[in-house]
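Student: structure of the sequence below:
(one chain, ligands or ions: 3)
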Amino acid sequence: MIPIFTVEKFTANFTSRKTKKQPFDAEVLQTVQEVIENVSTRGDEALKEYTEKFDGGVPGNWEVTAEERKQAWEQVSPEIIEALKKAAGNIRSFHSKQLQQSRMMELSDDIIAGQLFRPIARVGIYVPGGKACYPSTVLMNAIPAVLAGVSEIIMVTPSRGGQEIAPILSVAADIAGVHKIYKIGGSQAIAALAYGTETIEPVDKIVGPGNAYVAAAKSLVFGDVGIDMIAGPSEVAIIADETANPAFIAADLLAQAEHDEKARAFLFTTSERILEETIVEVEKQCAQLPRKDIASVSLKNEGAAVVVDSIEEAFALSNALAPEHLEIQVENALAQLSKVKNAGSVFIGNYTPEPVGDYFAGPNHVLPTVGTARFSSGLSVDDFIKKTTYVSYSEKALRNAAPYIEAIAEEEQLSGHARAVKVRVNK
Ligand SMILES: NC(=O)c1ccc[n+]([C@@H]2O[C@H](COP(=O)([O-])OP(=O)(O)OC[C@H]3O[C@@H](n4cnc5c(N)ncnc54)[C@H](O)[C@@H]3O)[C@@H](O)[C@H]2O)c1
Ligand SMILES: N[C@H](CO)Cc1c[nH]c[nH+]1
Ligand SMILES: [Zn+2]
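Tutor: Residues are numbered from 1 along each chain as shown. Ligands and ions are numbered 1, 2, ... in the order given. Sure thing, here's the model as predicted:
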């Protein structure tokens, strides 16, 4: 079910810039361009049309009302509420360590400089809902925003066929501190958040994962609003040696593959035996999964297993791929951490399967995909903060700096810049 690749073929197919998977194709981009154009110009009317077309029905009211949010608590079991609260506590505790204070520095006796850290005012969070329901993504998106001090957190998630959203999403939103929930999804929701409609106020930044349509929409509205990253279909790469357990590896490959037909799962192993036994395990375990159809398509079309000569070669492949999740299932796994150059989040040792991070441990599960971990990072408190720098010079400090500033300004042929200094020091 999972195709076997040589190192050369894997490199050519998955890590070369020219052949590398793109988060969305031209057809998706064209559809999304049209959706954005229409929602930004025709507002609610277009939002309704696209919701009818792509989600199969329009909900009675866009916004989840206060009454609906209250009632949701009665529809979710106490065990699940407890699990969500416990997970939220871990996520809050991990992310609270990311908070930074504004800082003022005395660069010398008469020069002050610093950075003001200010929260973004209005943030939209996308919670996917086409193929699965993600209360965990509500927590991951909203908790860092609350910690950063965002004053309005607006969540969007698709309603299927015009029905109400799952009550657990509303409960998770309450636990995390979401202010408003709209029952809209896909590119039409991203357009509504970016440009506003008669009923939805525009936001300053949009964060959160989603399918190809959501990823394309986020990339198109970027500039008019901020975005966090392109967090598309889920990915995992597993580096395994002779000491790994094929049943564990197979379970972890399938855990990501079941998200989406476009999800990607990779195995890099130094052991032929591990590869063979993992292939058998994948067949066996996949047959037992309710979402076996999605998982098998994903593994067959998007997955790859590679036998490598050494752990170093496995890390070279993984670093070139820059996977969303990297699992290290080798002897002395923690000691290998220094070999990681590009990855969204790392899971170390045989007893840290990736779902520990999806739901519970504390680090964020909204992570860069399709190689973007080469230059971007998982969602964090920083995504919700703007950093404004400032400086203050005394007259004496400006006099000391004047010759240098004037020299550079004249070299750039910007005499007006030089004059703004001269006029003060040549009095
Ligand atoms: N990277 C992460 O942090 C992370 C976390 C959770 C989920 N995910 C990924 O997010 C994705 C969620 O995808 P999903 O589909 O379940 O939910 P989704 O909410 O992202 O997408 C569903 C929406 O897409 C739109 N859509 C569907 N088909 C369309 C079409 N033909 N034309 C225009 N619009 C269309 C619809 O409006 C629908 O509401 C999965 O790939 C999953 O792996 C990633
Ligand atoms: N693995 C997903 C990120 O790629 C996150 C998630 C949410 N629920 C389950 N898994
Ligand atoms: Zn997952």
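Student: longest helix in this structure, please.
Tutor: helix 78-96 (DSSP state H).
Student: partner strands of the helix or strand following that helix, with direction?
Tutor: As assigned by DSSP states H and E, the chain's next helix or strand after helix 78-96 is strand 103-108. Sheet pairing for strand 103-108, assigned by DSSP bridges, gives strand 111-119 (antiparallel).
Student: what distance do you get for the residue of the stretch 51-200 of the chain found nearest ligand 2 to residue 183?
Tutor: Ranked by C-beta to the nearest ligand atom, the top residue of the stretch 51-200 of the chain for proximity to ligand 2 is residue 136, at 4.6 Å. Just so you know, the C-beta spots here come from the backbone N, C-alpha and C atoms, and that holds for glycine as well. Per C-beta to C-beta, to the nearest Å, residue 136 is found 19 Å from residue 183.
Student: neighbour count winner among those two?
Tutor: residue 183 (27 against 20; other C-beta atoms under 10 Å).
Student: and stretch 4-17, end to end?
Tutor: Criterion C-alpha to C-alpha, to the nearest Å; first-to-last residue distance in stretch 4-17 is 21 Å.
Student: in it, what's buried?
Tutor: Neighbour-count burial for stretch 4-17, with 16 or more other C-beta atoms under 10 Å as criterion, is recorded at 5, 7, 10, 11, 14, 15.
Student: hmm, back to that, identify the residues contacting the longest helix of the chain?
Tutor: 73, 135-136, 139-140, 143-144, 147, 168, 171-172, 175-176, 359-364, 380-381 (C-beta atoms under 8 Å, 6 or more residues apart in numbering).
Student: which of those residues are buried, as a PyMOL select command?
Tutor: The buried residues among the contacts of helix 78-96 can be selected in PyMOL (16+ other C-beta under 10 Å) with this line:
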select buried, resi 135+136+139+140+143+144+147+168+171+172+175+176+359+361+362+363+364+380+381
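Student: circling back to that earlier point, now do the contacts for the residue of the stretch 51-200 of the chain closest to ligand 2.
Tutor: Residue 136 touches 87, 172, 358, 359, 365, counting by C-beta under 8 Å, 6+ apart.
Student: give me every residue that touches residue 256.
Tutor: 234, 235, 236, 263, 264, 265, 325, 354.
Student: 6 Å instead?
Tutor: 234, 236, 263, 265 (C-beta atoms under 6 Å, 6 or more residues apart in numbering).
Student: relative to ligand 1, which of those is nearest.
Tutor: residue 234 (3.7 Å).
Student: pretty sure that closest one is touching residue 259, no?
Tutor: Yes. Contact status for residue 234 versus residue 259: in contact at 4.3 Å, counting by C-beta atoms under 6 Å.
Student: just to revisit the earlier point, dump the buried residues of stretch 4-17 into a markdown table; add pLDDT, distance to ligand 1 and secondary structure as well.
Tutor: Converted to a markdown table, the buried residues of stretch 4-17 look like this (pLDDT from 0 to 100; distance: C-beta to the nearest ligand atom, whole Å; DSSP: H, G, I helix; E, B strand; the rest coil):
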| residue | pLDDT | distance to ligand 1 | secondary structure |
| --- | --- | --- | --- |
| 5 | 97 | 22 | strand |
| 7 | 97 | 27 | helix |
| 10 | 96 | 21 | helix |
| 11 | 95 | 24 | helix |
| 14 | 92 | 17 | helix |
| 15 | 90 | 19 | helix |
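Student: among the contacts of residue 136, which are in reach of ligand 1?
Tutor: Contacts with ligand 1 within the contacts of residue 136, counted by C-beta under 6 Å from any ligand atom: residue 365.
Student: just the contacts of residue 136: which are in helices?
Tutor: Checked against DSSP H, the contacts of residue 136 include these in helices: 87, 172, 358, 359.
Student: could you dump the residues you listed to CSV with pLDDT?
Tutor: Below are the ones in helices among the contacts of residue 136 laid out as CSV (pLDDT from 0 to 100):
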residue, pLDDT
87, 98
172, 98
358, 98
359, 98
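Student: which one of the contacts of residue 136 is nearest residue 55?
Tutor: residue 172 (20.3 Å; C-beta to C-beta).
Student: not counting its neighbours along the chain, what's nearest residue 323?
Tutor: Leaving aside its sequence neighbours, residue 323 sits nearest to residue 237 (C-beta to C-beta, 6 or more residues apart in numbering; 3.9 Å).
Student: where does that neighbour land in three-state SS?
Tutor: With DSSP: H, G, I helix; E, B strand; the rest coil as the basis, residue 237 sits in strand.
Student: tell me which parts of the stretch 101-250 of the chain are close to ligand 2?
Tutor: So the stretch 101-250 of the chain meets ligand 2 at 134, 136, 137, 234 (C-beta under 6 Å from any ligand atom).
Student: taking those, tell me the two that lie furthest apart.
Tutor: Among these, the pair separated by the greatest distance (C-beta to C-beta) is 136 and 234, which sit 12.3 Å apart.
Student: low pLDDT regions in the protein?
Tutor: Within the chain, no range satisfies pLDDT under 70.
Student: contacting residues for residue 198?
Tutor: 43, 44.
Student: the residue nearest to residue 323 bridge partners, please.
Tutor: Applying DSSP bridges, one finds that residue 237 bridges with residue 266, residue 326.
Student: distance of residue 411 from residue 405?
Tutor: 11 Å.
Student: what about stretch 73-93, distance to the chain center?
Tutor: Taking C-alpha atoms, centre = their mean, to the nearest Å, one finds stretch 73-93 lying 22 Å from the centre of the chain it belongs to.
Student: fine by me, we can end here.
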